[in-house]
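1. Got a predicted structure here, sequence first:
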Amino acid sequence: MTQMPTGSPIKTDCCIVGGGPAGLMLGYLLARAGLVVTVLEKHGDFLRDFRGDTIHPSTLEILHHLSLLEAFLRLPHQRVVKLTAEFHGKSMTLADFSRLPVRCKFMAFMPQWDFLNFLAERAQRLPGFTLRFSTRAQKLIREDGRIQGVIAQGPGGETLCFRAGLVVGTDGRQSMVRRDAGLPRREFGAPPATWYGFGCRKSLPIHRRTAAMAAQNATLSCWIGAITGNAATASSKEVLTACARRDSTPFCNKWRTSARLTADACPGR
């Protein structure tokens, strides 16, 4: 049961629940436009496992238009210009980013926590932006038939009240905001999950924060195995353990691979 808030309500123009890429970018744009924005992130930092560690050319183009690209590309990353797949001995090009009409004709590999830290640091330079870590949204505030804010639990277990003219839920697939607002969820179904395992064609030092990518300056070999039905799934701990051994072959052999994907990768910094 949610306790009653203690202390005065915290007023903000927009309260964003969820400090992922969508929430932080929205917060940055609104604060850049002069609004007072508060982003609530339930975790204490961004250092955890994520599903995506790629920054696509379209995203890099947006960063360029926001005058953030130059600073962003100074962060450690790998660049992939072309993806080539081999199916039953036949090679084909899946993606050639060099043909795109954009400034950055490559896909960047970067740990998502680095990307989030970058967005948060840039947003916090704006006077109207506030990011609250370890603050878990618990319920929406309803008054006069409208959503007027958010009740949240603070870092010390205290109950906080955020009053906002606009509440935005960017809190993922199991969104508390969507559920509490009564917004219907449309099910589109999903294709069979694909597991990606990365290994190097030659022995390379493993970056302490990007072991799962296992690439500093070489061509990546990626084993793709479709995992369906009741088949087992690979945990991030297994992936990291395999990469830390600098030998992903025994791990990848656990799965029946149907294809091999190669990507010409080079360090961005």
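-> Done, it's in. Numbering: from 1, shown residues only.
2. got a list of contacts for stretch 15-34?
-> The contact list for stretch 15-34, computed with CB atoms under 8 Å, 6 or more residues apart in numbering, reads 13-14, 37-41, 43, 46, 66, 112, 115-116, 119-120, 122-123, 126-129, 131, 133, 137, 149-150, 162, 164, 166-172, 175-177. Any C-beta I mention is one placed from the backbone N, CA and C, and that applies to glycine too.
3. try stretch 129-145
-> 2, 12, 17, 19, 24, 27-28, 31, 37-45, 120, 123-124, 147-155, 159-161, 163, 167, 171, 176-177, 180-181.
4. Flag every buried residue along that stretch.
-> 129, 130, 131, 132, 135, 136, 137, 138, 140, 141 (16 or more other CB atoms under 10 Å).
5. which of these lies closest to residue 91?
-> Taking CB to CB as the measure, residue 91 lies nearest residue 131 of these, at 45.6 Å.
6. Helix or strand: which one has the closest one?
-> In this assignment (DSSP states H and E), residue 131 forms part of strand 129-132.
7. Tabulate the CA atom coordinates of the next helix-or-strand element following that strand in CSV.
-> Later in the chain than strand 129-132, the nearest helix or strand by DSSP H and E is strand 136-143. Only the C-alpha atoms of strand 136-143 are listed here, as CSV (Å, rounded to 0.1, in the frame of the first residue of the first chain):
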residue,chain,number,x,y,z
ARG,A,136,10.4,4.4,-8.1
ALA,A,137,7.0,5.7,-9.4
GLN,A,138,4.2,3.9,-7.5
LYS,A,139,0.9,5.4,-8.7
LEU,A,140,-0.5,8.3,-10.6
ILE,A,141,-2.3,11.2,-9.0
ARG,A,142,-5.9,11.7,-10.3
GLU,A,143,-7.8,14.8,-9.6
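8. so the helix or strand just after strand 136-143 versus strand 136-143, what angle?
-> Using DSSP H and E, the helix or strand that follows strand 136-143 in sequence is strand 146-153. Angle of strand 146-153 versus strand 136-143, following axes from the mean of the first three to the mean of the last three CA atoms, to 10 degrees, is 150 degrees.
9. Pull out the buried residues from strand 146-153.
-> By neighbour count on 16+ other CB under 10 Å, the buried set for strand 146-153 is 147, 148, 149, 150, 151, 152, 153.
10. Run through the bridge partners of the first one.
-> So the one you mean is residue 147. residue 142 (DSSP bridges).
11. Distance-wise, check it relative to residue 127.
-> 26 Å (CB to CB, to the nearest Å).
12. follow-up on the earlier one: now which of the contacts of stretch 129-145 would you call buried?
-> Buried among those (16+ other CB under 10 Å): 12, 17, 19, 24, 27-28, 31, 37-42, 120, 123, 147-154, 160-161, 163, 167, 171, 176-177, 180.
13. Out of the residues you listed, list just those in strands.
-> 12, 17, 37-40, 147-153, 160-161, 163, 167 (DSSP state E).
14. Out of the helices and strands in this protein, which is least certain?
-> Lowest by mean pLDDT, DSSP states H and E among the helices and strands of the chain is strand 220-227, with a mean of 30.
15. Pairing partners for the strand holding residue 131, with directions?
-> Going by DSSP bridges, the partners of strand 129-132 are strand 37-40 (parallel).
16. now the strand it pairs with: mean pLDDT?
-> The pLDDT scores in strand 37-40 average 98.
17. who touches it?
-> 10, 12-19, 23-24, 27, 30-31, 128-132, 135-137, 150, 152, 162, 164.
18. Moving C-terminal from it, which element do we reach first?
-> strand 54-55.
19. Check which helices and strands that next one sits against.
-> strand 107-109 (3 or more CB pairs under 8 Å, 6 or more residues apart in numbering; DSSP states H and E).
20. Which neighbours in the sheet does the strand it packs on have, and how are they oriented?
-> Here, using DSSP bridges, strand 107-109 pairs with strand 54-55 (antiparallel), strand 78-87 (antiparallel).
21. just the ones you listed: most buried one?
-> strand 54-55 (a mean of 19; mean count of other CB atoms under 10 Å).
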